[in-house]
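Colleague: build the 3D model from these lines:
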Amino acid sequence: MYSNQPFGLQDLYQQGLRHFARGEWQAAIDTLSQLQDSTDLYPDIDDLIADARLKLSFEGVDKPSAIAPPRRPVLLPIVAGLTLCLALLAAFGIYQLRTPAPVVEAPTPVPPTTVPTAVPVVAAAAPLTPTVAPTEAPVVPGTISVSATDESVFYTTPRNIAIIFDGSGSMRRKVAGTDKERWQVAQEALRAFLTSGNVSSQANVALRTYGRQRTNDCGDYELVQGLTRYNPEALLGVVDTLEPIPGARTPLAFSIRALSGDLRAAEGSTAVIVITDGDETCNGNPAAEAANFVKDVPERKVHVIGFALDNPADQAKLQQIAINGSGLYFDATNGAELAEALRQTVVLSYQLLADDGSQAAQGSVGGEPISVQPGSYTLRINTTPPIEKRIEISNGGNTQVSVRQDLGGLVAEVEGER
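Modeller: Take a look at the predicted model:
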């Protein structure tokens with residue numbers, strides 16, 4: 001009957017009734033008084049408290065004899081008649097021997113039968129039915145595919161490519177799962193990249209490194225191949241010499257700053273590719289140097305590949321170099337991932353940017369679909385100048401974007417979902 005009341009009040013009421021039923025009068029008074037102060041939803045509380053107080057007052061005291069309840073005056077006519085008769089007899093029998101009048105004994109009072117006070121029966125509170133919130137649909141990542149209409153692979157075909165190869169002492173550590181040191185795995189990936197056909201034969205290539213000459217020397221950075229027309233054989237011979245010495249430092253900022261001199265004669269698009277297993281160790285600011293390098297020159301890009309990073313904090317610092325350099329950032333843990341990252345620096349790439357400008361995902365035109373959380377993004381295809389288009393990634397959907405050559409250059413069109 002009180003199933004709609006708060007569970008705490010109902011529980012308090014039931015506890016008071018249990019005290020009352022067990023004759024625990026003071027506990028019943030205390031519990032029911034507490035409930036009486038909290039709510040007026042139980043109208044029988046006042047009677048229960050009064051009854052308990054009365055019974056409590058009798059405990060430990062000799063109970064008085066019960067008083068017979070009042071009865072109808074049925075003896076009055078009889079007594080009156082007897083009195084009248086006695087008077088007549090007294091008057092008539094003056095002359096007779098005085099005879100005592102018969103004594104009429106009053107009836108013995110019958111004690112009343114005590115009827116125990118009935119304990120109110122209260123229906124147990126019905127259990128509260130929990131409110132079940134509607135089940136939300138699970139969030140399933142969507143995918144995006146960017147491809148060319150003629151199924152060819154577009155290249156940014158940068159006219160100038162400058163590579164900075166990390167020769168610090170940490171590059172002598174082993175790559176997880178192999179018996180090769182980092183510099184050896186990076187050397188093999190760079191050789192594969194230079195001979196893959198992804199580099200245009202018309203491109204100019206330069207190569208820088210640090211850490212080949214001296215231990216613990218921040219001035220140990222050098223240009224090992226000046227900017228010259230792409231020559232695979234000559235470049236591979238230089239790559240074979242890129243072996244770091246133990247304890248060499250990482251002067252990234254100095255190396256990026258030196259690019260301005262290396263590429264003074266460069267014309268057209270320029271891609272800088274930094275391969276490193278850690279952040280700056282010579283108190284420089286490579287992110288600021290990257291920003292200065294691309295300042296007012298939209299055709300310049302600084303891409304960064306973090307290879308086998310030991311310190312997770314280095315990733316954010318290396319990403320900032322790429323952001324300031326208008327380029328891409330890649331993580332690589334092994335030789336295959338490093339080779340793929342190198343390829344994506346020259347293949348036409350794209351990024352998905354969140355509303356705050358941060359990168360949510362990246363891929364290459366004609367490459368595999370990439371996974372991304374549902375939402376609205378800006379698709380940026382890294383041409384010169386870049387192509388930007390707003391797209392929507394639906395829950396579990398696959399968005400298709402095609403890139404085609406038009407009279408005014410490349411054009412991107414969203415084909416919808418499949």
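Colleague: OK, contacts around the nearest residue to residue 216 once chain neighbours are set aside?
Modeller: In space, and not counting its chain neighbours, residue 216 is closest to residue 247: 5.3 Å by Cβ to Cβ, 6 or more residues apart in numbering. (Glycine included, C-beta is placed from N, CA and C.) Contacts for residue 247 (Cβ atoms under 8 Å, 6 or more residues apart in numbering) come out as 169, 215-216.
Colleague: repeat that for residue 172.
Modeller: Contacts of residue 172 by Cβ under 8 Å, 6+ apart are 181-183, 244, 246.
Colleague: recalculate using a threshold of 6 Å.
Modeller: residue 181 (Cβ atoms under 6 Å, 6 or more residues apart in numbering).
Colleague: for residue 307, see how far away it is.
Modeller: 13 Å (Cβ to Cβ, to the nearest Å).
Colleague: now the strands: where do they sit in the chain?
Modeller: 142-148, 160-165, 204-210, 221-229, 270-276, 300-307, 329-332, 349-353, 359-364, 370-372, 375-381, 387-393, 398-406, 409-417 (DSSP state E).
Colleague: what does stretch 223-243 contact?
Modeller: For stretch 223-243, using Cβ under 6 Å, 6+ apart, the contacting residues are 165, 187, 190-191, 194-195, 199, 201, 203-209, 262.
Colleague: which one of those is nearest residue 255?
Modeller: For the contacts of stretch 223-243, the residue nearest residue 255 by Cβ to Cβ is residue 208; the value is 5.5 Å.
Colleague: isn't the closest one up against residue 164?
Modeller: Yes - using Cβ atoms under 6 Å, residue 208 makes contact with residue 164 at a distance of 4.8 Å.
Colleague: which residues are in contact with both of the two?
Modeller: The overlap between the contact sets of residue 208 and residue 164 (Cβ under 6 Å, 6+ apart) consists of residue 255.
Colleague: show me the shaky parts of the chain.
Modeller: 1-7, 59-135, 150-156, 384, 407-409, 416-418 (pLDDT under 70).
Colleague: what about the residue nearest the centre of it, distance to residue 361?
Modeller: Centroid check for the chain by Cα atoms, centre = their mean gives residue 139 as the closest residue, at 12.9 Å. Computed with Cβ to Cβ, the distance linking residue 139 and residue 361 is 16 Å.
Colleague: need the contact list for residue 213.
Modeller: residue 220 are the contacts of residue 213 under Cβ under 6 Å, 6+ apart.
Colleague: that should have said residue 319, apologies.
Modeller: Going by Cβ under 6 Å, 6+ apart, residue 319 touches residue 329.
Colleague: which residues does residue 12 contact?
Modeller: Residue 12 makes contact with residue 35, according to Cβ under 6 Å, 6+ apart.
Colleague: beta partners of residue 329?
Modeller: residue 304 (DSSP bridges).
Colleague: pretty sure it contacts residue 304?
Modeller: Yes - the pair formed by residue 329 and residue 304 meets the contact definition of Cβ under 6 Å, at 5.1 Å.
Colleague: which neighbours do those two have in common?
Modeller: With Cβ under 6 Å, 6+ apart, residue 329 and residue 304 have common neighbours residue 322.
Colleague: between these two, which one's more packed in?
Modeller: Neighbours per residue (other Cβ atoms under 10 Å) separate residue 329 from residue 304, with residue 304 holding more: 31 against 22.
Colleague: break the chain into its domains for me.
Modeller: 7-58, 161-269+285-346 (automatic domain parsing).
Colleague: nearest to residue 144, out of those?
Modeller: Nearest to residue 144 among those is domain 161-269+285-346 (15.4 Å), distances taken as Cβ to Cβ.
Colleague: now the closest one, how far from the centre of its chain.
Modeller: With Cα atoms, centre = their mean, to the nearest Å as the basis, domain 161-269+285-346 stands 36 Å off its chain's centre.
Colleague: could you measure from residue 361 over to residue 380?
Modeller: 11 Å.
Colleague: from residue 173, how far off is the nearest residue to residue 222 once chain neighbours are set aside?
Modeller: Distances taken as Cβ to Cβ, 6+ apart place residue 209 nearest to residue 222, at 6.4 Å, with adjacent residues excluded. Using Cβ to Cβ, one obtains 17 Å as the distance from residue 209 to residue 173.
Colleague: higher neighbour count, these two?
Modeller: Taking other Cβ under 10 Å, residue 209 and residue 173 do not tie; residue 209 has more neighbours (28 against 13).
Colleague: if I pick the more buried one, what's in contact with it?
Modeller: Residues near residue 209 by Cβ under 6 Å, 6+ apart: 165, 167, 224, 242.
Colleague: will you turn those residues into TSV that also has distance to residue 281 and neighbour count?
Modeller: TSV is the format used below for the contacts of residue 209 (distance: Cβ to Cβ, whole Å; neighbours: other Cβ atoms under 10 Å):
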residue	distance to residue 281	neighbour count
165	16	25
167	12	27
224	20	17
242	18	20
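Colleague: which one of those is nearest residue 392?
Modeller: residue 165 (40.7 Å).
Colleague: how far away is that closest one from residue 232?
Modeller: For residue 165 relative to residue 232 (Cβ to Cβ), the value is 16 Å.
Colleague: equivalent analysis for residue 162, please.
Modeller: In terms of Cβ to Cβ, residue 162 sits 17 Å off from residue 232.
Colleague: who's more crowded, these two?
Modeller: Using other Cβ under 10 Å as the criterion, residue 162 and residue 232 rank with residue 162 on top: 28 against 15.
Colleague: quick one, what contacts that one?
Modeller: 206, 259, 272 are the contacts of residue 162 under Cβ under 6 Å, 6+ apart.
Colleague: ok, residue 270 next?
Modeller: Contacts here follow Cβ under 6 Å, 6+ apart; on that basis residue 270 touches 160, 300.
Colleague: could you redo the last one with a cut-off of 10 Å?
Modeller: With contact set as Cβ atoms under 10 Å, 6 or more residues apart in numbering, residue 270 has these partners: 158-162, 204, 206, 227, 259, 263, 293-294, 297, 299-302.
Colleague: next one: residue 336
Modeller: The contact partners of residue 336, taken as Cβ under 10 Å, 6+ apart, are 185, 189, 192.
Colleague: which residues are in contact with the second one?
Modeller: Which is residue 189. Contacts of residue 189 (Cβ under 10 Å, 6+ apart): 275, 305, 307, 332, 334-343.
Colleague: returning to what we had before: who touches both of residue 172 and residue 307?
Modeller: With Cβ under 10 Å, 6+ apart as the test, residue 172 and residue 307 both reach 182-183.
Colleague: where do the helices of the chain begin and end?
Modeller: 7-21, 25-38, 45-58, 76-92, 182-194, 232-239, 252-262, 286-294, 312-324, 335-344 (DSSP state H).
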